[in-house]
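# for reference, the sequence and a predicted model appear below.
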Amino acid sequence: MVFAIAAHAATPAPRSNGLALTPPIGWSSWNNFGEDINEQLVVDTIEAMIANGMRDAGYVFVNLDDGWQRYKGTRRDHPLEVDPKKFPHGIAWLSNYAHERGMKLGIYSGPGQTTCAGYTGSEGHEADDAKMFANWGIDHLKYDSCCSHRDAPKTELQRIFRTMSDALLAQKRGIVLHACHCGWGDIWEWASDLGVNHWRIGQDISDDFNYPGNREKYYFDVLDQLDRGVGLEKYAGPGHWNDYDMLIVGLDGKSKQLVGTGASNTEYRTHFSLWAMVSSPMLVGADIRKLDPYSLETLTNKEIIALNQDPAGNVAQKVRDDGDLEVFTRELADGSHAVLLLNRGATTAEMSFSPRRDMQVPMDRFSVRDLWKHRNLGTYDMPVTVEVQSHEARVFRIRQLTTSVNGRSGELSTEPAAR
Ligand code: GAL
């Protein structure tokens, strides 16, 4: 008995805010605007997301990143206040504006004396700041350590995020917590138990599909982020997600903030499909007011969003790796499976997949739906072979149609109508 009490005291119960049962999706100000943000931009972005169908496609978070604060400099020298020039009506007014329109407002701070862009941080004032955020009606906090503490002991990292998590939980207001931490200290192993809802697995994304040159300068392109996540799938699930960083779809190399020369339409679409498959939070980084039709069509593909938001929260696994040709699959809540065929190579390739061979799922007869063409391709009882262009990802949803039960065959499910 004495033993049991001691063990209990040494291992506190995991914290949970019960939020983010599917990955948070919405918009964040950083990737395009950096610190150059203000109230009118956020209001216009909300209105644009309503008008262009993004809100109704599920993008409800509107997140302020660094730059909303009044002062640059340390917290010792300055309070944490909103910049009244950038946000004349204040943050409570803005969150109310979002809430009245069925959306949620996110904010940004960090555990240091200053944030990454040099504004006052939350160090030593976590309880006050959590209270202020809750009073403002905030729904999401990105808590950013700026890739610092790379070599700090895990206990120190855990203390930092536990302190803010406890402060938020004490508010009795549901605030999703993002630990932005570049993946140091194997954060995926312990952040969920501290009440963190998502954690960055790598450094900042650049506006590139595959440009290793920027990696040496700190930034990760789309394929770097993807590769970084291999092996981490088991740490993600409802309420706690690996975060592959904010989306670059629609930036087209014109971001005021990110490095990178942009990607092609095909590459942005591949990036979006991959983030959906691995259940990353999907925070659009582009200027929503100026999205071109192709980017908007990419971002509002409800069949791809449904993979990201699938309630089972299974994360895609890479089941085949033939050099440049890779196959990712995941099981969905209704028993169907999503399959993504990725061609990382420079030329068009023929790729095939088979449920039995690649997924160890004994499907003898299955229907195949193409989630980008929005078309049922038919019924198969053999491997499916398709062409995949250079840097393209083709995404399918497959459903078992026949099974042998005690020697009999039976129809298990039928293909749903196109959405
Ligand atoms: C970085 C972070 C970026 C952005 C920036 C703000 O550390 O990775 O996503 O939040 O700080 O200064």
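Received, thanks.
# and this protein, which of its residues are near the ligand?
30, 65, 66, 115, 116, 117, 144, 146, 147, 180, 204 (Cβ under 6 Å from any ligand atom). For glycine as for every other residue, the C-beta is placed from the backbone atoms N, C-alpha and C.
# show the contacting residues for the fifth one.
Looking back up the chat, that one is residue 116. 66, 110, 144, 146 (Cβ atoms under 8 Å, 6 or more residues apart in numbering).
# what's the local residue count around the second one?
Under the neighbour criterion other Cβ atoms under 10 Å, residue 110 is assigned a count of 24.
# quick one on the thing from earlier: go through the residues of the chain next to the ligand and say which is closest to residue 400.
Nearest to residue 400 out of the residues of the chain next to the ligand is residue 180 (Cβ to Cβ; 40.1 Å).
# just the residues of the chain next to the ligand: which has the poorest pLDDT?
Across these, the bottom pLDDT score, 77, is held by residue 147.
# and the residue nearest to it when sequence neighbours are not counted, how many neighbours does it have?
Closest residue to residue 147 apart from its sequence neighbours, by Cβ to Cβ, 6 or more residues apart in numbering: residue 182 at 4.1 Å. By other Cβ under 10 Å, the residues close to residue 182 number 22.
# could you measure from residue 182 over to residue 236?
17 Å (Cβ to Cβ, to the nearest Å).
# next: residue 376.
Using Cβ to Cβ, residue 376 is found at 30 Å from residue 236.
# for residue 154, same thing?
Separation of residue 154 from residue 236 (Cβ to Cβ) stands at 19 Å.
# more crowded one of these two?
Using other Cβ under 10 Å as the criterion, residue 154 and residue 236 rank with residue 236 on top: 24 against 14.
# roughly how far does residue 159 sit from the ligand?
Here the criterion is Cβ to the nearest ligand atom, to the nearest Å. By it, residue 159 lies 20 Å from the ligand.
# ditto for residue 394
For residue 394, the distance to the ligand - Cβ to the nearest ligand atom - is 30 Å.
# could you say which helix or strand holds that residue?
Assigned by DSSP states H and E, residue 394 belongs to strand 393-405.
# what does residue 298 give?
helix 293-299.
# that helix packs against which elements?
Under the contact criterion of 3 or more Cβ pairs under 8 Å, 6 or more residues apart in numbering; DSSP states H and E, helix 293-299 touches helix 265-277.
# swap the cut-off to 10 Å and go again
Counting contacts by 3 or more Cβ pairs under 10 Å, 6 or more residues apart in numbering; DSSP states H and E, helix 293-299 is packed against helix 265-277, strand 282-284.
# residues touching the residue nearest to residue 147, list them.
Contacts of residue 182 were listed using Cβ atoms under 10 Å, 6 or more residues apart in numbering, and they are 144-150, 199-204, 218, 220, 245.
# just residue 247 next, same as before
25, 27-28, 31, 205, 222, 268, 271-272, 275, 280-286, 295, 298-299.
# across the sheet, point out what pairs with it.
Taking DSSP bridges as the rule, residue 247 bridges to residue 284.
# how many residues are close by the nearest residue to residue 264 once chain neighbours are set aside?
Of all residues beyond its chain neighbours, the one nearest residue 264 is residue 391 (7.0 Å), with distances taken as Cβ to Cβ, 6+ apart. Residue 391 is flanked by 23 other residues according to other Cβ under 10 Å.
# helix, strand or coil for residue 391?
Three-state assignment for residue 391 (DSSP: H, G, I helix; E, B strand; the rest coil): coil.
# where does it land on pLDDT?
pLDDT for residue 391: 98.
# my guess is it meets residue 269, correct?
Yes: look at residue 391 against residue 269 with Cβ atoms under 10 Å: they come within range, at 9.4 Å.
# which parts of the stretch 301-419 of the chain are strands?
Using DSSP state E, counting those that start in this stretch, the strands of the stretch 301-419 of the chain run over 317-322, 325-331, 337-343, 349-353, 365-370, 375-380, 384-388, 393-405, 408-411.
# kindly export the fourth one (C-alpha atoms) in CSV.
As requested, C-alpha coordinates have been extracted for strand 349-353 and formatted as CSV (Å, rounded to 0.1, in the frame of the first residue of the first chain):
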residue,chain,number,x,y,z
ALA,A,349,5.8,6.7,-62.9
GLU,A,350,3.4,3.8,-62.9
MET,A,351,2.6,2.9,-59.3
SER,A,352,0.4,0.2,-57.9
PHE,A,353,-1.1,-0.8,-54.6
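# next, the buried residues of stretch 40-58.
By neighbour count on 16 or more other Cβ atoms under 10 Å, the buried set for stretch 40-58 is 41, 42, 43, 45, 46, 48, 49, 52, 54, 55, 57, 58.
# just checking, which of the residues of the chain next to the ligand belong to helices?
Counting by DSSP state H, these place residue 30 in helices.
# for the closest residue to the ligand within the stretch 201-350 of the chain, list the residues it contacts.
Residue nearest to the ligand within the stretch 201-350 of the chain (Cβ to the nearest ligand atom): residue 204, separated by 4.6 Å. Residue 204 sits next to 30-31, 116, 147, 180, 182, 214, 218-220, 225, 245-246, 257-259 when contact means Cβ under 10 Å, 6+ apart.
# count the residues that sit near residue 211.
The number of residues packed near residue 211 is 19, by other Cβ under 10 Å.
# pLDDT value on it, please?
Looking at residue 211, its pLDDT stands at 86.
# contacts only, for the closest residue in space to it that isn't next to it in sequence.
Nearest in space to residue 211, with sequence neighbours left out and distances taken as Cβ to Cβ, 6+ apart, is residue 221 at 5.1 Å. Residues near residue 221 by Cβ under 10 Å, 6+ apart: 205-215, 227, 248, 260, 263, 267, 271.
# look up how far residue 78 lies from residue 175.
Separation of residue 175 from residue 78 (Cβ to Cβ): 23 Å.
# spell out which helix or strand contains the residue nearest to residue 292 when sequence neighbours are not counted, please.
Once flanking residues are discounted, residue 292 sits nearest to residue 250: 7.0 Å by Cβ to Cβ, 6+ apart. Using DSSP H and E, residue 250 sits in no helix or strand.
# so residue 250 sits against residue 269, correct?
No: using Cβ under 10 Å, residue 250 is not in contact with residue 269, being 11.0 Å away.
# who has more neighbours, these two?
When neighbours are counted by other Cβ under 10 Å, residue 250 and residue 269 differ, and residue 250 comes out ahead with 27 against 24.
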